[in-house]
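>>> Take this sequence and fold it.
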Amino acid sequence: MQSWHVNGPKLVKFGPQVRNEVIPLAKAIARRAIVFVGSRTLRQSSLCQQWLENFQKELPVECSLQLPAREPQVDDVDNLAHSLRELSAGPDDVVIAVGGGSSIDMVKAACGLATQNEVKSCQDYLEGVGAGAKLIQAPLRWIALPTTAGTGAEATRNAVISSNESSTSTRFKKSFRSDELYAQAVFLDPEWTLTLPRQVTISSGLDALTQLLESAISSRSNPYTFMLSQQGFAWGLPAFEQLLCEPENLDARGKMLSAAYLSGVALANSGLGAAHGVAAGLGAMLPVPHGLACAVMLPHTLAYNLSTSHSAIEIMAGSAGLSARANFSAATQLIERITHLVYQCQIPQRLRDLGVTQEMIPQLVELSQGNSLQGNPRPISPAELEQWLGSIW
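Numbering: from 1, shown residues only. Next up is the predicted model:
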């Protein structure tokens, strides 16, 4: 049996109304809470307003800073870190991120950047495009309250950051990664997710399912992360299908939120594959949301890796209740089920449907190189990647 180890947040709690348990924890470890709420709609919701009101009765709360409503860019993180320095944020504070994966990644990266004595840009820390900078001073402590069930950003040690919209140089979408970036605590409260718009439920949910499947078949998968992927998929696939018909089902919301968290732990410790590698390239090149890009790539990636990962896909299919029948393996049935699910959600099936032209494919190949692609179980050279992307264009 291979050796393995797993890292993650120090504390994780799940359950309806568990958001209220953040308050006594923050009061016990900090003199002030700096709270970021991911969107204006979320901030104005009665759920959030009541939670903030209760929080302010127990501890000084700074909640005046706003987050940009987009996937994080270099300048977003640099500006947020600057704002934290202006607030004199330090070891007596705790930063709390309430929002989806983009908001959590933005806050996570800023917490790492804000405390460094030598002020650098976030870009200096990014894999593949940065200057190889490392965190020297300990980041600000931060707590995550995810309000979507997708990226699992609350569980990971990396933040995915894109080049600035105004950048005229090479586009990119890369990770700021450090073991120091794990959350102090994560509170998984499914009540936050009950009012998610249908498209957010779909894109975030398909992202989580992609992460569970890719981390399971990754070349870096280990017995522990594979077990997490199995359990997450056993919860996530039926819950996702149920939420398409019953969006206010709290039990299904809870299972999807838990599945997304497990997908984050799994990917943080075992990596991903070609779907996420290409999704990063698409996000760097075009205004394609991450969850949508993953959903487009998932059926193609499973089919591409079937020859090398049949047994692992078979086990994941069994986790979702599928079994072999005449002339159809459970693995083949799973790929068909995922393909149908993506079609049912009206997800584009070809790269051209996302605005990719044939002339863009060589650039997409270049932008897809990175940590995720390296974890693909079936090795894929740039030439092979170009040919494969051309086949699904």
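>>> so where's the protein shaky on pLDDT?
In the predicted model of the chain, residues 167-168, 326-327 satisfy pLDDT under 70.
>>> Show me how it divides into domains.
For the chain, the structural domains run 12-192, 196-391, going by automatic domain parsing.
>>> Looking at these, which is nearest to S3?
With CB to CB, the closest approach to S3 among those belongs to domain 196-391: 8.2 Å. Yep, even glycine has a C-beta here, placed from its N, CA and C like the rest.
>>> got the domains of the chain as JSON lines, with distance to W4 and mean neighbour count columns?
Below are the domains of the chain laid out as JSON lines (distance: least, CB to CB, whole Å; neighbours: other CB atoms under 10 Å):
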{"stretch": "domain 12-192", "distance to W4": "16", "mean neighbour count": "20"}
{"stretch": "domain 196-391", "distance to W4": "4", "mean neighbour count": "20"}
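>>> Would you map the helices across the stretch 251-393 of the chain?
274-285, 290-319, 330-344, 361-368, 371-374, 382-391 (DSSP state H, counting those that start in this stretch).
>>> now the shortest one: how far from the chain's centre is it?
Same thing as helix 371-374. Centroid displacement of helix 371-374 relative to its chain, using CA atoms, centre = their mean, to the nearest Å, is 15 Å.
>>> Tell me which residues are up against it.
127, 175, 177, 214, 219, 271-274, 276-278, 280, 380, 385 (CB atoms under 8 Å, 6 or more residues apart in numbering).
>>> now the last one
With CB under 8 Å, 6+ apart as the test, helix 382-391 has contacts from 274, 278, 300, 304, 351, 358, 361-362, 364-366, 368-369, 373, 380.
>>> Try it again at 6 Å.
Residues from elsewhere that reach helix 382-391 (CB atoms under 6 Å, 6 or more residues apart in numbering): 361, 365.
>>> what's the angle between that helix and helix 290-319?
Angle, helix 382-391 to helix 290-319, by axes from the mean of the first three to the mean of the last three CA atoms, to 10 degrees: 90 degrees.
>>> re the thing from before, columns distance to H5 on top of the domains of the chain, output as a markdown table?
Output for the domains of the chain, formatted as a markdown table (distance: least, CB to CB, whole Å):
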| stretch | distance to H5 |
| --- | --- |
| domain 12-192 | 11 |
| domain 196-391 | 8 |
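>>> mind checking how far the most centrally placed residue in the chain is from G318?
Geometric centre of the chain, nearest residue: T151, 2.1 Å, by CA atoms, centre = their mean. From T151 across to G318, the span is 26 Å (CB to CB, to the nearest Å).
>>> residue contacts, the nearest residue to E246 once chain neighbours are set aside?
Once flanking residues are discounted, E246 sits nearest to A252: 6.5 Å by CB to CB, 6 or more residues apart in numbering. Neighbour list for A252: 239, 242-243 [criterion: CB under 6 Å, 6+ apart].
>>> picking that back up, which of the helices of the stretch 251-393 of the chain sits closest to E53?
The nearest among those, by CB to CB, is helix 290-319 at 31.8 Å.
>>> helices or strands up against the closest one?
If you count contacts as 3 or more CB pairs under 6 Å, 6 or more residues apart in numbering; DSSP states H and E, helix 290-319 packs onto helix 198-217, helix 223-245, helix 274-285, helix 330-344.
>>> Adding distance to I143, write these out as a markdown table.
Formatted as a markdown table, the helices and strands packed on helix 290-319 follow (distance: least, CB to CB, whole Å):
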| stretch | distance to I143 |
| --- | --- |
| helix 198-217 | 20 |
| helix 223-245 | 22 |
| helix 274-285 | 26 |
| helix 330-344 | 33 |
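>>> quick one: which of those helices is nearest W393?
Using CB to CB, the helices and strands packed on helix 290-319 put helix 274-285 closest to W393, at 11.8 Å.
>>> Could you point out the helix or strand that follows the strand or helix carrying W51?
Here W51 sits within helix 46-58, counting by DSSP states H and E. As assigned by DSSP H and E, the chain's next helix or strand after helix 46-58 is strand 61-62.
>>> host element of S175?
Assigned by DSSP H and E, S175 belongs to strand 173-177.
>>> Can you list the helices and strands that that strand packs against?
When contacts are defined as 3+ CB pairs under 6 Å, 6+ apart, strand 173-177 packs onto strand 158-162, helix 274-285.
>>> if you set the cut-off to 10 Å instead, what comes out?
Strand 173-177 is packed against helix 74-86, helix 101-114, strand 158-162, helix 274-285, helix 361-368, helix 371-374, with contacts defined by 3 or more CB pairs under 10 Å, 6 or more residues apart in numbering; DSSP states H and E.
>>> With just CA atoms, put that strand into PDB.
Only the C-alpha atoms of strand 173-177 are listed here, as PDB (Å, rounded to 0.1, in the frame of the first residue of the first chain):
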ATOM      1  CA  LYS A 173      -5.300  31.600 -14.700                       C
ATOM      2  CA  LYS A 174      -2.900  30.200 -12.100                       C
ATOM      3  CA  SER A 175      -2.700  29.200  -8.400                       C
ATOM      4  CA  PHE A 176      -1.300  31.000  -5.400                       C
ATOM      5  CA  ARG A 177      -0.500  27.900  -3.300                       C
END
